[in-house]
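K.L.:
Structure of the sequence below:
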Amino acid sequence: MADNAKTAADVLAAVGGKENVTNLIHCITRLRFSLKAESIPDADAIKKIPGVIGAQWSGGQFQVIIGQNVTKVYDEVMKLGVTGGGSIDIDEGDAAKFEWTPQNVGNAILNYLSKTMVGLIPVIMAAAMFKTIAVILGPDMLGVVDANSNFYLLFNEWLYDAGFFFMPIYLGYTAAKVLGCSEVLGMMMGGILVTPYMLSQFNALSAVTAMLSSGEALNAEALMAAATPVASTTVFGIPAPVSNYFQTVLPIVLCVPVLKLVEDLFKKVIPDMLSTTFVPFLTMLVMVPAGLCALAPLGGWLGGIIGNVMFGFAGVGGFVACAIIAALWEFLVMTGMHQVLIVLAISQLFATGSDGCVMVAGGLAQWATWGMALGAFLRLREKDEKAAQLGYFLSGAVGGVTEPALYGCGFKYTRTLAGMIAGGFAGGAVAGLLGLKVYVLGSASVLGVVGFMQGGSFNLAAGVGASVLALVVAAVVTYLFGFTPEQLEEDRKAAEATA
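P.N.:
Numbers count the residues shown, from 1 in each chain. Purely as a prediction, here's the structure:
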């Protein structure tokens, strides 16, 4: 077992010491370093440090893959004097060094989106689990509780909506924390997008639109019931369309970077003795028209386009898109490109209540990765290597962590990656053909199948079937074709030597 303190010290030294680290955060399995001198880390050397599974650049960060032990190693690194916790404080000197190349800009955008969404995971997971429990116990499955019972309404409506309904407010906080501006102003900007007035006007407008489309006459009584809606309002005389920004992602994600620029400007020009009052006031005075009249509508428009694209993925020929994404998902994760797809999928989930492509494919890809490790466990004979592969399988299936299988099996025995790809493709193709949908963000372990439950018995059964298919195909292909004759011979000799 690796020494956490030693692993932390060795990794920190390998990335150039605390002087080279501008910020450090961690996710479920990785230490994510933001570095001043990016040329220092030697990924191959870091991979050899005890306790490290892998290392790579992704999304503008140097990521050191630790596994489920990452929080303990992170704590040890922090004890060595490293700055961490989320936001990166960039002074003028650092900003001047930034090279405005397409790659750097793309990495910065991916870094912003990734950190913003990662900060949202606790809320999403908690809300999703409440709704999942309600669905399992509710009338559509076990029938333990009635649809009108207080328990069902609490879990299915109240607690779920508390997580998803006010999403712009939570995103305002996480996005502001990532960028290093005022978190509470970020939350206020999100709150502006979801005020009761905006919702009432949007609902009233929707009611009148429905009456018009049905041919119903708009008499005085109907208009009174619809609260005399408006299609748009004005902010300082500038038209601001009325829209439903609840459960949206892109409107607030576009607003917060501008909020940071505005806040930084006022911090520079307003005297310190007046800054406490006038920096937040003037910042929001500028952001209200900028957000309601331009940025939020732009985000809503982009969200509509994304929705159409995602519906296209899950529509005609959707099985092809789902199969390809599931087959290549883990490689997208390694390059950081999965972040773009995840943002699209979450936007789709919040907007429509389900996703029939990216989240389905990503979940099936995990099952295929576990299947690759399972196939290796069944094929290899040397006891220590068998134990390692079984551990990789269990860490994924039970703990929801795929990196050990990916790096400890896939990149150690590269031909086994064919099993992972084949399993992902098979499961994704079946899921696409059957039109499977995910309704909540569930666990990354085998419990992830709860995401299929709200779609009914067929959706759940087919989802479980596609998941098992991905695992079995990956295991079989890995068992039959995942190792070279030389690797099998070496394994046989090692097994006999330790027998």
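
K.L.:
Going by C-alpha atoms from here, please, whenever you check contacts or count neighbours.
P.N.:
Noted.

K.L.:
Low-confidence regions, the stretch 301-450 of the chain specifically.
P.N.:
304, 306-318, 334-340, 351, 442-443 (pLDDT under 70).

K.L.:
Please enumerate the helices of it.
P.N.:
318-335, 338-352, 358-379, 383-397, 403-405, 417-434 (DSSP state H, counting those that start in this stretch).

K.L.:
what angle do the second one and helix 358-379 make?
P.N.:
Angle of helix 338-352 versus helix 358-379, following axes from the mean of the first three to the mean of the last three C-alpha atoms, to 10 degrees, is 130 degrees.

K.L.:
What is helix 338-352 packed up against?
P.N.:
On a contact count with 3 or more C-alpha pairs under 8 Å, 6 or more residues apart in numbering; DSSP states H and E, helix 338-352 meets helix 102-118, helix 296-314, helix 318-335, helix 358-379.

K.L.:
So which of the helices of the stretch 301-450 of the chain is nearest E183?
P.N.:
Minimum separation from E183 across the helices of the stretch 301-450 of the chain (C-alpha to C-alpha) falls at helix 338-352, 20.8 Å.

K.L.:
Just the CA atoms of stretch 447-461, as PDB, please.
P.N.:
Only the C-alpha atoms of stretch 447-461 are listed here, as PDB (Å, rounded to 0.1, in the frame of the first residue of the first chain):
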ATOM      1  CA  LEU A 447     -26.300   1.700  -9.400                       C
ATOM      2  CA  GLY A 448     -26.100   4.000 -12.400                       C
ATOM      3  CA  VAL A 449     -28.900   1.900 -14.000                       C
ATOM      4  CA  VAL A 450     -31.400   3.800 -11.700                       C
ATOM      5  CA  GLY A 451     -31.200   6.600 -14.300                       C
ATOM      6  CA  PHE A 452     -33.300   4.400 -16.600                       C
ATOM      7  CA  MET A 453     -36.100   3.800 -14.000                       C
ATOM      8  CA  GLN A 454     -38.300   6.800 -14.700                       C
ATOM      9  CA  GLY A 455     -38.800   5.700 -18.300                       C
ATOM     10  CA  GLY A 456     -40.800   2.700 -17.200                       C
ATOM     11  CA  SER A 457     -40.300  -1.000 -17.000                       C
ATOM     12  CA  PHE A 458     -39.200  -1.400 -20.700                       C
ATOM     13  CA  ASN A 459     -36.700   1.400 -20.500                       C
ATOM     14  CA  LEU A 460     -35.200   0.000 -17.200                       C
ATOM     15  CA  ALA A 461     -35.100  -3.600 -18.500                       C
END
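
K.L.:
what's that stretch in contact with?
P.N.:
132, 135-136, 140-141, 363, 436-442, 463-464 (C-alpha atoms under 8 Å, 6 or more residues apart in numbering).

K.L.:
Could you turn the buried ones of the residues you listed into a ChimeraX selection?
P.N.:
Buried residues among these (16 or more other C-alpha atoms under 10 Å), as a ChimeraX selection:
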select :132,135,136,140,363,436,437,438,439,440,441,442,463,464
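
K.L.:
and which of the contacts of stretch 447-461 is nearest to Q487?
P.N.:
Closest to Q487, out of all of the contacts of stretch 447-461 and judged by C-alpha to C-alpha, is G363, at 30.3 Å.

K.L.:
I figured the closest one was touching L441, is that so?
P.N.:
No. In this structure G363 lies outside contact range of L441 using C-alpha atoms under 8 Å: 10.0 Å.

K.L.:
host element of V279?
P.N.:
Element membership for V279 (DSSP states H and E) is helix 272-290.

K.L.:
tell me what that helix is packed against?
P.N.:
Packed next to helix 272-290, using 3+ C-alpha pairs under 8 Å, 6+ apart, are helix 183-193, helix 250-269.

K.L.:
ok, 10 Å please
P.N.:
helix 183-193, strand 232-235, strand 238-241, helix 250-269 (3 or more C-alpha pairs under 10 Å, 6 or more residues apart in numbering; DSSP states H and E).

K.L.:
Need those in a markdown table (columns: mean pLDDT).
P.N.:
Output for the helices and strands packed on helix 272-290, formatted as a markdown table (pLDDT from 0 to 100):
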| stretch | mean pLDDT |
| --- | --- |
| helix 183-193 | 94 |
| strand 232-235 | 77 |
| strand 238-241 | 86 |
| helix 250-269 | 94 |
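
K.L.:
Can you tell me which of these is most buried?
P.N.:
Of all the helices and strands packed on helix 272-290, helix 183-193 carries the top mean neighbour count, a mean of 22, counting by mean count of other C-alpha atoms under 10 Å.

K.L.:
For D146, which of the helices and strands packed on helix 272-290 is the nearest?
P.N.:
Per C-alpha to C-alpha, nearest to D146 of the helices and strands packed on helix 272-290: helix 183-193, 33.6 Å.

K.L.:
Tell me the secondary structure at F33.
P.N.:
Assigned state for F33: strand (three-state reduction, DSSP: H, G, I helix; E, B strand; the rest coil).

K.L.:
Can you tell me the SS state at the nearest residue to L137 once chain neighbours are set aside?
P.N.:
Nearest non-adjacent residue to L137, counting by C-alpha to C-alpha, 6 or more residues apart in numbering: V144, 5.1 Å away. Here V144 is recorded as coil under three-state DSSP.

K.L.:
Name all residues that make contact with V144.
P.N.:
V144 makes contact with 134, 136-138, 152, according to C-alpha atoms under 10 Å, 6 or more residues apart in numbering.
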